[in-house]
Each structure stands twice: as C-alpha cells, then as structure tokens.
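**Q** Turn this into a structure:
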Amino acid sequence: MSTTLAADSSTGSATGEGSPGRRAWLWVHLASLAVGFVVLLYANRNQWFWYDEWDFIARRGLHDPQWSLWRSHNGHWSTLPILAYRTLLYFFGLRTYWPFIGLLIVLHLLLAHVLWRVMLRVGVTPFVATGLAAVFIVLGSGNANIVWAFQIGFVGSMVLGWLMVLSACTVRWGAWRLVGTWVLGVAALMCSGNGTTMVALATFAALAERGWRRALMVMSVPAVVFIAWYVAIGNQNTAALSPRTTPKFVGLGLARSFSTVFGSHSELVGALVLLALVVAVSVRLRQDPRRTALAALALASAFVFFVIAGLGRSALGTASTSTRYVYEAIALGLPAIGLALDMVVTLVRLIRPSSRVLAAAAVVLIGVLVLWTGLTNVRQLRHGVRLQALGALHLRQQLDATVIMINSGQAFFPEARTAAGSPYLSAEQMAVMVRAGWFPPPKPVDRELALRQRAAMQIGVNPQRVPPAGFKPHTGTVAGAALTRAGRCDALTPPPAGRPVMLLPAGAPASFTFSPDAAGTVFVRLSDPGRSAPAGTLRQPVGGGRTYRVVTLPTDLDVRVYLPPGTASTVCGLTLAPAAAAIP
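**A** Sure thing, here's the model as predicted:
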C-alpha cells in the first residue's frame with residue numbers, strides 16, 4: 001500500500017494517477033459513495049417538508065409570487081435553490097419528498113467526492129483521504145445538511161465553491177476556463193451566503209498558487225455580481241450586524257465543530273484539535289508550501305465562515321453549534337485533518353526510521369481512529385434523522401387535518417397560519433395547493449388534532465372593534481362569574497380566583513368583543529356538541545383595558561371561551577344567561 005504521493009512542483013497535482021494503489025483506493029471510495037447513497041436514502045425515508053422549505057413552496061415562484069426569486073431568504077441569496085424547488089414542485093407537487101431529499105443526498109455525495117480529490121491534491125495519502133471521505137458521507141455531527149432537503153443551498157454553495165477553487169488553481173488556463181470559474185462562483189453565491197466564503201477561498205488559493213493576476217480575474221465577476229445584487233435587492237431582508245456577540249459565536253462554533261465530529265461536546269477538546277491542525281498544517285507548509293497552501297487557506301476559511309455567520313446571526317440567538325454550521329466547518333477543515341493524521345506516520349518514521357512495525361502500528365491507529373469517528377457520526381446521524389422525522393411527522397399530521405377540513409368545505413380565515421412547522425404557509429395558500437392536487441391524499445387523524453387545527457383556522461382573537469359583516473347575535477351561557485347587564489353589554493365579575501367561562505352552543509358563527517380589566521390569557525376551545533373533550537384550543541394573551549374581538553366560524557361545534565381569571569370583563573355582542581351548572 002502506498003503511503004505517499006509525489007507532487008509535481010509545476011502543477012501541484014499528485015502523480016501516479018494511474019498507479020494500481022491509487023486506482024484501488026478510487027474504487028473503494030466510489031463504493032463508499034454508492035453505499036452511502038443507499039444508506040442515506042433509506043435513513044431519510046420518513047422525512048417531509050419542514051419550516052423554511054415553505055418559503056420556497058408558498059411564497060416564491062415564476063408567476064405572480066408573493067416574493068421574488070431574487071429576494072434573500074433570511075439574508076441568503078437563494079435563487080438557485082428556489083428554482084430547484086419550483087422545478088420539482090411542478091413535476092411532483094408535495095405528493096412525495098423523494099426527489100427533494102434525493103437532490104440533497106446527491107449534492108452531499110458530490111461534495112464528499114470533491115473533498116476526496118482536494119485531500120489527494122494537498123498531499124493526503126489515499127488511505128486517509130478515503131477514510132475521511134467515508135466519515136464525511138455519514139457526518140452525523142453535521143446532520144442538518146444531510147436530512148433536510150432545504151439545505152441544498154448550504155451544500156450547493158460548498159460543492160460549487162470547491163469546484164471553483166479547483167478550477168481557479170488549475171494549470172490549464174484560458175478564456176473558457178475563466179468563464180467556467182466565474183459561473184461556478186456566481187452559482188455558489190446564488191445558493192446561499194456561504195458562497196462568499198468559498199469565492200474568497202478560491203481567490204486566495206489562486207493568489208497562493210498562480211499569482212495576483214489570476215486571483216484578480218477569479219474574483220472580479222463574482223464580486224461585481226454579488227455587490228450589484230446586494231445593493232439592488234439583497235439588503236432588503238437582512239439583520240443588523242452584531243459585532244459584539246460575534247467573537248463568542250466564532251469561538252464556540254469552531255471549538256464545537258472540531259470536537260463533535262470526534263464525538264465530544266467539550267470546547268477544550270475542540271480547541272486542542274484546532275491547535276493540532278494548525279501545527280500540522282504549519283509544519284507541512286514549511287516542507288511543501290505550494291501543495292499545502294490550499295489546506296491552510298481552507299482551514300482559515302472555516303474561521304472566516306463563522307465570522308460572517310456571527311455578524312449576521314449571533315444577535316438573533318442562532319446557535320453557532322448548530323449541526324449545519326458544523327458541516328460547513330468540517331467541509332473546510334477536512335484537508336487539514338487529513339494532513340494532521342498523515343503526520344502521525346511521518347513522526348513515527350522520524351523517531352524510528354527503520355521500524356516497520358511502528359509504522360504499521362501508526363497506520364492501524366489511524367484506521368481505528370477514522371473507524372471510531374465514523375461510527376460516532378453514524379450514531380449522531382441516527383439521532384438527527386429521528387428528530388427531523390418526528391417534527392416532519394407531526395407537521396404532516398397537522399396539514400392532513402387541514403386538508404380534510406378544506407376538502408369538507410368548511411370556512412376558515414384566509415390569513416390563518418396552518419402550523420408552527422410551516423410558518424410561511426397560510427390557510428388560503430394551502431387551499432390553492434389542495435385544489436391544484438399538490439398534496440397527497442390525507443391520512444386519517446385523531447379527533448383532538450382535527451379540532452386543534454380547526455381552532456387555529458376558525459377562531460380569531462384580535463384587538464379590533466369593528467364587527468365583520470354577516471354575523472348575527474349569538475346566545476350563550478356563562479358560569480364562574482356574576483352576570484350584570486350594562487346597556488347592550490354584560491359585565492362579568494368573577495370571585496378572586498374564579499375564571500369566567502362562556503358556552504356558545506353549536507348553531508351559528510359568533511362575533512363579540514370583550515374588555516378585561518387586567519392582563520391575562522383567554523382560551524377559546526372547540527368541541528363536539530354536548531361534550532367538553534376532546535377539544536381544540538386557541539390560546540391568546542390579552543392586555544388589560546383593551547377591547548378584543550372574538551370571531552368563531554364553525555357552526556357544528558360548541559365554543560367555550562375562558563376569560564382571564566380573577567378579573568372583571570365586559571362582553572358585548574352576545575345574549576348571555578347564567579348557566580344552570582358549572583361549565584367544564
């Protein structure tokens with residue numbers, strides 16, 4: 001087994017391209033990619049659309065979208081991921097998640113292959129490069145970018161960025177190569193904000209290997225395009241910079257990234273790993289600066305990445321230890337990790353040049369470390385898959401309940417939000433998708449979930465006084481408070497610890513106002529006629545001395561309104577009578 005690769009000083013590329021040892025490791029690497037594809041596809045079999053994906057689904061498009069393709073998503077230029085989603089939605093709708101997660105997995109495996117090539121290019125032995133690429137395939141410490149299709153933006157920026165780096169540093173250079181490098185750079189920028197880090201890496205790599213003229217050419221067009229986009233559109237949806245909280249964000253993010261990949265959550269372990277990487281890269285830079293420069297610049301780019309992310313995210317409470325950030329850091333630090341592992345064998349040979357046993361033991365030690373790291377990441381990946389699938393399953397059940405409600409022809413508030421896991425999807429947008437056949441046939445849901453969804457979409461509690469048109473006065477009963485008629489309204493005065501409860505029987509939609517004397521929380525519950533459970537509940541905090549209008553749309557359900565406890569309230573728009581017994 002070959003443990004070294006000679007380097008051609010004029011090209012910086014590894015020789016022995018057709019050597020039997022190199023070809024054998026190539027086949028092992030390709031086999032790991034094939035196995036990884038099957039494993040990741042199977043692991044993600046229960047995933048579904050979640051959270052940010054609904055921005056691309058509900059608000060973006062080519063025909064009269066709510067937001068344009070060019071507007072950023074939380075500060076990220078995301079035109080290419082949006083186009084990818086819109087294309088897949090056109091052919092598959094929301095009936096299956098396989099094409100979406102499949103695209104992510106393909107991009108992830110392509111990145112693993114590109115990193116394998118990069119590691120060989122900087123002088124990592126094929127044995128170590130192949131092992132680390134296999135670990136990256138199952139990088140559970142960065143699982144968000146492997147189990148959530150929305151992350152095609154982050155992963156796409158890394159793939160295109162690394163391809164730009166390799167293109168920028170190639171010996172064969174001409175007009176078409178330059179144009180191709182520009183296209184890769186602009187595409188990386190159009191996938192996510194991480195593209196800026198990758199364009200910077202490509203620029204400095206070209207500077208280190210090919211000189212300042214090449215670097216200026218590489219940077220020119222992507223920089224102009226990005227600045228033009230940011231000035232024209234990109235600055236419209238960005239958070240204020242937060243330099244005061246950035247240092248902590250960067251330090252914690254780097255330390256956790258290089259510790260969790262080895263199964264530890266200790267910042268000290270991460271700091272020691274980083275120190276070891278810096279030392280290893282520094283030593284190799286002195287021995288072979290041209291080949292090692294790219295690994296050193298990539299490791300420095302991990303720091304740059306966290307600085308950029310921290311400036312825009314740290315004040316928002318975004319955790320720098322998020323697995324999606326770990327993924328980015330490892331994708332930039334993997335060549336340095338490979339060089340550091342190779343140095344173990346080098347040090348053994350320096351100490352005992354003639355000892356083949358120690359050299360073999362060092363190789364075995366590296367193999368065991370890589371295997372253990374891989375198994376550790378497999379465990380983290382399983383955990384990430386389960387968490388993502390649970391959230392997706394809960395959201396799917398909520399939206400199934402909403403589809404059933406829409407198909408039954410029940411009324412709903414068009415602006416109502418469908419679920420916490422789909423914050424960009426309104427009830428009206430969902431109804432349009434249901435009618436267009438985008439949603440798969442809904443599965444049966446339990447009665448309590450169905451009532452919760454109806455409460456979210458058929459009850460409104462708003463600080464407004466103007467009654468909607470078409471509503472007639474509703475009759476009801478009240479318990480838990482003394483009832484006093486005050487003109488056209490009713491004054492409810494509960495005992496010190498009592499909570500007024502109003503029951504509006506099924507029969508017609510209701511619209512009324514209430515004004516609590518003190519702040520508290522109002523609960524509006526929907527249940528089947530004559531029953532208090534199961535029920536769907538809307539919870540709404542309210543302020544004292546303000547008037548709120550409650551509008552309920554269902555006509556086939558009882559409505560119970562629980563006013564703030566221990567405080568008097570004035571209710572208008574209802575005909576109330578004292579209840580004969582307590583209202584549950």
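
**Q** Check which helices and strands the longest helix seen in the chain sits against.
**A** Determined from DSSP state H, the single longest helix within the chain is helix 356-407. Where contact means 3 or more Cβ pairs under 8 Å, 6 or more residues apart in numbering; DSSP states H and E, helix 356-407 is packed against helix 20-43, helix 126-137, helix 144-147, helix 323-351, helix 427-435, helix 447-458. All C-beta spots, glycine's among them, are computed from the backbone N, C-alpha and C.

**Q** by how many degrees do the fourth one and helix 126-137 diverge?
**A** Calculated by axes from the mean of the first three to the mean of the last three Cα atoms, to 10 degrees, helix 323-351 forms an angle of 160 degrees with helix 126-137.

**Q** For helix 323-351, buried residues please.
**A** Using 16 or more other Cβ atoms under 10 Å as the test for burial, helix 323-351 gives 323-346, 348-349.

**Q** chain center to stretch 56-67: distance?
**A** 19 Å (Cα atoms, centre = their mean, to the nearest Å).

**Q** buried ones in it?
**A** F56, I57, A58, R59, R60, G61, W67.

**Q** now swap in stretch 369-387 and tell me
**A** Residues V370, T373, G374, T376, N377, V378, Q380, L381, G384, V385 are the ones in stretch 369-387 that count as buried (16+ other Cβ under 10 Å).

**Q** With stretch 429-446 instead?
**A** Q429, M430, A431, M433, V434, F439, P442, V445.

**Q** do stretch 225-234 as well
**A** Under 16+ other Cβ under 10 Å, the buried positions of stretch 225-234 are V225, F226, W229, Y230, G234.

**Q** Run the angle between the helix or strand containing A205 and helix 323-351 for me.
**A** Here A205 sits within helix 194-210, counting by DSSP states H and E. If you take the same axes, to 10 degrees, helix 194-210 sits at 30 degrees to helix 323-351.

**Q** which residues are contacting helix 194-210?
**A** Among residues not part of helix 194-210, those counted as contacts by Cβ atoms under 8 Å, 6 or more residues apart in numbering are 12, 77, 154, 157-158, 160-162, 164-165, 167-169, 173, 181, 185, 187-189, 214-215, 218-219, 222-223, 226, 290, 293-294, 297-298, 301, 304-305, 308, 328, 332.

**Q** Same check on stretch 408-420?
**A** Outside stretch 408-420, the residues touching it (Cβ under 8 Å, 6+ apart) are 395, 398-399, 402, 405-406, 423, 425-428, 430-431, 453-454, 456-458, 460, 509, 553-554.

**Q** Pull out the buried residues from the residues you listed.
**A** 395, 398-399, 402, 405-406, 425-427, 430-431, 453-454, 456-458, 460, 509, 553-554.

**Q** so is L483 in a helix, a strand, or just coil?
**A** strand (DSSP: H, G, I helix; E, B strand; the rest coil).

**Q** Pull the number of nearby residues for it.
**A** Applying other Cβ atoms under 10 Å, we find 17 residues neighbouring L483.

**Q** and it, bridged to which residues?
**A** The bridge-partner assignment for L483, based on DSSP bridges, gives L492.

**Q** Could you check how far it is from L576?
**A** L483 sits 6 Å away from L576, going by Cβ to Cβ, to the nearest Å.

**Q** Show me whatever sits in contact with both of the two.
**A** Common neighbours of L483 and L576 (Cβ under 8 Å, 6+ apart) are D490.

**Q** Near G140, how many other residues are there?
**A** Around G140 there are 25 residues (other Cβ under 10 Å).

**Q** Now do the contacts for it.
**A** So G140 contacts I146, T376, N377, V378, R379, Q380, L381, R382, H383, G384 (Cβ under 8 Å, 6+ apart).

**Q** which residues does the second one contact?
**A** Read that as T376. If you count contacts by Cβ under 8 Å, 6+ apart, then T376 has G140, F262, G263 around it.

**Q** which one of those residues sits closest to T477?
**A** Proximity of those to T477 (Cβ to Cβ) peaks at G140, which lies at 56.5 Å.

**Q** Filter the contacts of helix 194-210 down to the buried ones.
**A** If we count by 16+ other Cβ under 10 Å, the contacts of helix 194-210 have these buried: 12, 77, 154, 157-158, 160-162, 164-165, 167-169, 173, 181, 185, 187-189, 214-215, 218-219, 222-223, 226, 293-294, 297-298, 301, 304-305, 308, 328, 332.

**Q** Next step: the residues you listed restricted to helices.
**A** Per DSSP H, these map to helices at 154, 157-158, 160-162, 164-165, 167-168, 181, 185, 187-189, 214-215, 218-219, 222-223, 226, 293-294, 297-298, 301, 304-305, 308, 328, 332.

**Q** Domains of the chain: list them as residue ranges, please.
**A** What automatic domain parsing lists as the domains of the chain is 20-391, 460-578.

**Q** quick one: contacts of stretch 393-400?
**A** Under Cβ under 8 Å, 6+ apart, the answer for stretch 393-400 is 46, 48-50, 418-419, 421-422, 430, 439, 442-443, 445, 449, 452-453.

**Q** scratch that, stretch 222-235 is what I was asking about
**A** So stretch 222-235 is contacted by 68, 70-72, 75, 77, 182, 185-186, 188-189, 195-196, 199 (Cβ under 8 Å, 6+ apart).

**Q** Apply the buried test to those and list what passes.
**A** Applying 16+ other Cβ under 10 Å to those flags 70-72, 75, 77, 182, 185-186, 188-189, 195-196, 199 as buried.

**Q** Thanks again, I'm all set now.
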